[in-house]
Structures are given as C-alpha cells and as structure tokens.
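Enquirer: Please find the sequence and the predicted model below.
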Amino acid sequence: MVGGIPLSRLAAIVGRTPFYAYDRSLIDARVAELRQALPASISLHYAMKANPMPALVNHMARHVDGIDVASAGELRVALDAGANPLEISFAGPAKSAAELYQSVASGILINVESFREVELLADISRTLALRARLAVRVNPDFELKTSGMKMGGGPKQFGVDAEDVPALLNRIGELGLSFEGFHLYAGSQNLRAESICEAQHKSYELALRLAPDASAPVRILNLGGGFGIPYFPGDKRVELGPIGNNLAAIVANAKRDLPGARIVIELGRFLVGEAGIYVCRVMDRKISRGQVFLATDGGLHHHLAASGNFGQVIRKNYPVAIGNRMRESVRETASVVGPLCTPLDLLADRMDLAPAHPGDLVVVFQSGAYGASASPQAFLGHPVVIEALV
C-alpha cells in the first residue's frame, strides 16, 4: 500500500513502470515528528537537492519554514512552488555570475563560499540597485564524526575556511552588502545523535567566535542537518530527543549571545528518504547455474544508489521486496537485475524474496531521496523514470 492505494492499482494509475512513488502522508508525519521533538523557535528548512520533484517541493513549501537550493534551476522550482523568497537560501561552491544575478533579483539569501562571490555580488547589487542578502558558509575547523559524507573540516571545496572568515566579513562590510548570518554544514547521513549534537554545539561556538567581525548582528544561523536514515541491516534510527534537548540549550544561549538570531536546521534525506519507493516490473525470470535472476525494466540508470553507485568496494542491498506478494510465506534467494548491459546493474544481490515471475512488481524502499535526480537516466537510452506524489 502506498498512500492507502494497493501497489498494483497504483502502477495502473501511473501508467507504466518503472516509477518512484512518494507518500505525502509519511512526509507530513516526519515533519510533525520533528516539530514535536525540536524547539518551537527552530526554523525547519527543506534541502531540495534530496528530491527536487516539483509537486513534492510544492507540498514541502507548505509544511516547512524555508527551502534550501543548490542551483538556479532549483531556485526556479522553489519559486514556482510558492516558497517565500525571504526563506530561500542558495548554497554551492561554484555559483555563476548569472546564478548570483538571479538570486539577488529574487531577493533570496545567498550563502557565499568565496571572496570571488562577494565581489560579484557587490557589482550585481549596484547594477540592480538591490542589496544582496548574504550569509557566509563556513568550512569549520572540525569534522562531523561518523557521517556518510563529510561536508566540512579539513581542506574542502565547500565554504570559506574558518580562519579566513574574519577577512571576508571585513570585505563584506567595506562593500556595504547585507550580512545576515552564517551557514555551517559539517556532514550528512549521520545516525548518531551524540555526534550530531557535538557538531551543532561546535558550530554554534564557532559562529560566536566569528560574529564580532561581522558588520551587522547575526540574524540567521544555519546549523545544517546531517540526520541520517537507516538503509542497511544494523542501522539504527536517529534519536531525536537528545538532538531536541541540545538545540533547546543552543536556543537559550543564543537569546543571550546572539539576540535576534534565528536558528535554522536544514534537512533533506531525513524528511523524504523513507517516504519514497522505487518500483520496477519483472520482465524475465532466469536461472543460471542454480542462481535465480529477476530481470526487470528498472535499474541503476534510475536508482544509482541502490545499485552501488557504479561499483562500490563494499556493496550493500537496500531493503527490497516483491511488492505485490508481501504476504506470501514461501521464500527463495534471488538477485534483481536491470536491463542494462553491465554487471553493475544490480538492485538486489541474492536476497530473501517471495518467488516472483514476469509481471510482478519489485519495490526498493528508502528511495525518497537522491533517486531519480541523482541517477544517470540517459545511460544506454532507456526511458526515463516516472515520479508520482501519492
């Protein structure tokens, strides 16, 4: 069942396989869960890079406090979705002059990541007779422990090294640009609450050290996100309670240390990842030297992450099931493969599944984030995947 609709019927509604389906009720429940756990004053932003499907972004814009984009293309989707420009922020390490021009004209907040961007924004502000709104994305002097991807700490392409931020802040003041705050994003896909809390605390302390060099009071402090979701056996869900308590302490301190500052948490995968599935249809059942292969019309061109990202050293199976045979007690060991002529086109490697035959529907769970938009859909010329918000 997806959004209360049986999977086979949903496949008929969508019209063909393969497709992604996102359950809006699960997204709403996740947002409500966060609202319950976090202090009421925390602003919750959706990191659109996780899933930029326009209908989904439109839905998110009505349920969160802001949208974070990573390109001019995403900015257009966010604006079309009705997101408030004052609550849209733009981060990325190689923003073009055209993207910065669009951003200033739109009135959004730009997370600057270099001295070059500041100089360009000064010129654009003069041209448009509009003061660019900006925050400084800081590359912190620490790393987020146990994160899937480290976005800060050490040499990084993201943000401005913490030790160089005072000089950048001085230049922002000289140019008369509208400084609003800091953006710190240490890492992503972290399942340990204590590690996330440590990163938030260190980020807050770093912002306090940098604030005296700014030309204006800090109005926005984006502490990033990093909340992960479980994908594999042994993964445990993030405990929101300790994170909420930690943020409550930060909010209380900020009232004293940074009066007028708003604390922002930026989440993508955690909001939508578990609300989505990928569905493909079994086209052929093959047995090769005793091993069962279910050949489907979907694969790595639609869901690169589930396939193992073009050959990870250690590949792990996403949770997979035969979606129209969930109640069957008979099981077999089978591998799910796609139609591409590469052995990397593998969605499930020797998994325990209900016996499946041509016409049955394979479901890959945990597929609401970094799926369709993060996959090489033009690879080998097969049809693009459909996306549905249910």
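Expert: Done, it's in.
Enquirer: only C-alpha atoms for contact and neighbour calcs from this point on.
Expert: OK.
Enquirer: Summarise which helices and strands the host helix or strand of residue 278 is packed against.
Expert: In this structure, residue 278 sits in strand 276-288 according to DSSP states H and E. Strand 276-288 sits against strand 19-22, strand 291-296, strand 361-364, with contacts defined as 3 or more C-alpha pairs under 8 Å, 6 or more residues apart in numbering; DSSP states H and E.
Enquirer: Give me the pLDDT for residue 152.
Expert: Note on residue 152: pLDDT of 50.
Enquirer: nope, residue 186 is what I was after
Expert: pLDDT, residue 186: 76.
Enquirer: does it really touch residue 199, like I thought?
Expert: Yes: contact criterion C-alpha atoms under 8 Å: residue 186 and residue 199 qualify, at 6.9 Å.
Enquirer: Compare the two (neighbour count), which wins?
Expert: residue 186 (29 against 25; other C-alpha atoms under 10 Å).
Enquirer: What number of residues are in the vicinity of the nearest residue to residue 39 once chain neighbours are set aside?
Expert: Spatial nearest neighbour of residue 39, excluding adjacent residues (C-alpha to C-alpha, 6 or more residues apart in numbering): residue 248 at 5.7 Å. As a burial measure, residue 248 scores 18 neighbours (other C-alpha under 10 Å).
Enquirer: Report the contact partners of residue 118.
Expert: Residues in contact with residue 118 (C-alpha atoms under 8 Å, 6 or more residues apart in numbering) are 112, 172.
Enquirer: Now the phi/psi pair for it, please.
Expert: The phi and psi values for residue 118, taken as degrees, to the nearest 10, are phi -60, psi -40.
Enquirer: what pLDDT does it get?
Expert: Value for residue 118, per-residue pLDDT: 98.
Enquirer: What of residue 343?
Expert: 93.
Enquirer: That one and residue 309, how far apart?
Expert: According to C-alpha to C-alpha, to the nearest Å, residue 343 stands 12 Å off from residue 309.
Enquirer: So the two - more neighbours on which side?
Expert: residue 309 (15 against 10).
Enquirer: wait, what's in contact with the closest residue to the more buried one other than its chain neighbours?
Expert: Using C-alpha to C-alpha, 6+ apart and skipping residues adjacent in sequence, the residue nearest residue 309 is residue 300, 7.8 Å away. Residue 300 sits next to 306-307, 309, 338, 344-347, 375-376 when contact means C-alpha under 8 Å, 6+ apart.
Enquirer: for residue 300, phi and psi?
Expert: phi -70, psi -20.
Enquirer: now the helices and strands packed on strand 276-288 in a markdown table, with mean pLDDT, mean neighbour count and distance to residue 162?
Expert: As requested, the helices and strands packed on strand 276-288 are exported to a markdown table (pLDDT from 0 to 100; neighbours: other C-alpha atoms under 10 Å; distance: least, C-alpha to C-alpha, whole Å):
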| stretch | mean pLDDT | mean neighbour count | distance to residue 162 |
| --- | --- | --- | --- |
| strand 19-22 | 98 | 24 | 39 |
| strand 291-296 | 98 | 21 | 49 |
| strand 361-364 | 98 | 25 | 41 |
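Enquirer: In TSV, list those along with distance to residue 28.
Expert: What follows is the helices and strands packed on strand 276-288, written out as TSV (distance: least, C-alpha to C-alpha, whole Å):
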stretch	distance to residue 28
strand 19-22	11
strand 291-296	32
strand 361-364	21
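Enquirer: now for the ones you listed, which one comes closest to residue 229?
Expert: Checking those against residue 229 by C-alpha to C-alpha gives strand 361-364 as the closest, at 14.7 Å.
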